[in-house]
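Trainee: A structural model of the following input is requested.
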Amino acid sequence: MLYWIGKVILWPVLAAVFRPWVRGIENIPASGPAILASNHLSVSDSFFLPVVCPRRVSFLAKSEYFTGRGIKGRAKAMFFRGVGQVPVDRSGGAAAESAISALAGVLARGELVGIYPEGTRSPDGRLYRGRTGVARLALRTGAPVVPVAMIGTDVVQPIGTSLPRIHRVGVVVGEPLDFSRYAGMENDRFVLRSVTDEIVYELMRLSGQEYADMYATTMKERLGSAPVKARIAAATRGAVGGEEGVAAARAAAQASGDDLAPGPQDAEVPPPGAEEDAGAPTRSAEQGPGTLAS
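Mentor: Numbers count the residues shown, from 1 in each chain. Presented below is the predicted three-dimensional model:
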């Protein structure tokens, strides 16, 4: 109930302020389970995607959000449950299996789940290599994967900012991807990488983003040095409307990426499937139109 109340309140506000445009919304199944796999540019992705979707969408959330004490802790837990978040313990070696099981339970009820294959927000607006958890979930449950490209949310709320900026946001929904040909092969790491790359390829095609053949967490570690963070933050804060700053930040990150020493470990925990398999999302003529080279 709280989910739909929040949506009714949020939609008029977001529609009036950010004027989101949506293309391909008919590609989201009207009923039955499906996985919405989206690129991840900003914290605001998790607001705009559910708001424009005609059905309820559940995302993973850290279990700590549901175990707080006192009035504030209980209120936070009630809020996250009400808006459809799924608690998962993402610490320890069983984190990946815990996350997959939690989302599989939602899909078993015939609902929608949202997942970010990159595992964390893009630090510079590029599309990064996908984690294979989304493939494992799709093969285990048989649910179709619907690629969703978020456009402009990194301008609305760049990393490091708390208040959103006024900018129009777009959502492009691609046609569902069927991976039933790989049924029963969710433990084959080469199949998982191929499926993941196919999903990321579709996100690249829909979003128009430049592809970076590394994990976003790796780039964030490289950007951990103070001088680069200071340059990116300064460029972003100094821009009119935020767009020039975001462009400057991307350029600074890309130009400095190869020379940066590793920084502190990124605080965000990647989703299930953190295998370090190599591969970029490029189609293979030998494999046919339905698969991707690994």
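Trainee: Now the terminal residues of stretch 58-68, how far apart.
Mentor: 20 Å (CA to CA, to the nearest Å).
Trainee: middle-most residue in the protein, spatially?
Mentor: Centroid-nearest residue in the chain, with CA atoms, centre = their mean: Y116, separated by 2.4 Å.
Trainee: Let me see the contact set for that one.
Mentor: 37-40, 45, 271 (CB atoms under 8 Å, 6 or more residues apart in numbering). Using the backbone N, CA and C atoms, a C-beta is placed for each residue, glycine as well.
Trainee: Which members of these occur in helices, if any?
Mentor: Judged by DSSP state H, helices contain the following of the contacts of Y116: D45.
Trainee: By neighbours, which of the contacts of Y116 wins?
Mentor: In terms of neighbours by other CB atoms under 10 Å, the contacts of Y116 top out with N39 at 29 neighbours.
Trainee: For that one, give its distance to T161.
Mentor: Per CB to CB, to the nearest Å, N39 is found 19 Å from T161.
Trainee: what's the answer for G70, then?
Mentor: 29 Å.
Trainee: between those two, who's got more neighbours?
Mentor: With neighbours defined as other CB under 10 Å, G70 and T161 compare such that T161 has more, 16 against 8.
Trainee: Please enumerate the helices of the stretch 51-200 of the chain.
Mentor: With DSSP state H, counting those that start in this stretch as the criterion, the stretch 51-200 of the chain has helices at 70-82, 95-108, 133-141, 153-156, 189-207.
Trainee: Which strands or helices does the third one pack on?
Mentor: Using 3 or more CB pairs under 8 Å, 6 or more residues apart in numbering; DSSP states H and E as the contact test, the elements touching helix 133-141 are strand 34-38, helix 95-108, strand 112-115, helix 189-207.
Trainee: ditto for the fourth one
Mentor: Packing contacts for helix 153-156, counted by 3+ CB pairs under 8 Å, 6+ apart, involve helix 243-256.
Trainee: and if you look at the last one?
Mentor: Here helix 189-207 touches strand 34-38, strand 127-128, helix 133-141, strand 145-151, strand 282-283, strand 292-293, going by 3+ CB pairs under 8 Å, 6+ apart.
Trainee: Output that helix in PDB with nothing but the alpha carbons.
Mentor: Taking C-alpha atoms only, helix 189-207 is exported to PDB below (Å, rounded to 0.1, in the frame of the first residue of the first chain):
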ATOM      1  CA  ARG A 189      30.700 -19.400 -16.000                       C
ATOM      2  CA  PHE A 190      31.200 -19.100 -19.700                       C
ATOM      3  CA  VAL A 191      27.400 -19.100 -20.300                       C
ATOM      4  CA  LEU A 192      27.000 -16.600 -17.500                       C
ATOM      5  CA  ARG A 193      29.500 -14.200 -19.000                       C
ATOM      6  CA  SER A 194      27.900 -14.600 -22.500                       C
ATOM      7  CA  VAL A 195      24.400 -13.800 -21.100                       C
ATOM      8  CA  THR A 196      25.700 -10.900 -19.100                       C
ATOM      9  CA  ASP A 197      27.500  -9.400 -22.100                       C
ATOM     10  CA  GLU A 198      24.300  -9.700 -24.200                       C
ATOM     11  CA  ILE A 199      22.400  -7.700 -21.600                       C
ATOM     12  CA  VAL A 200      25.100  -5.100 -21.300                       C
ATOM     13  CA  TYR A 201      25.300  -4.900 -25.100                       C
ATOM     14  CA  GLU A 202      21.600  -4.000 -25.200                       C
ATOM     15  CA  LEU A 203      22.100  -1.400 -22.500                       C
ATOM     16  CA  MET A 204      24.900   0.100 -24.500                       C
ATOM     17  CA  ARG A 205      22.700   0.200 -27.600                       C
ATOM     18  CA  LEU A 206      19.700   1.700 -25.900                       C
ATOM     19  CA  SER A 207      21.700   4.300 -23.800                       C
END
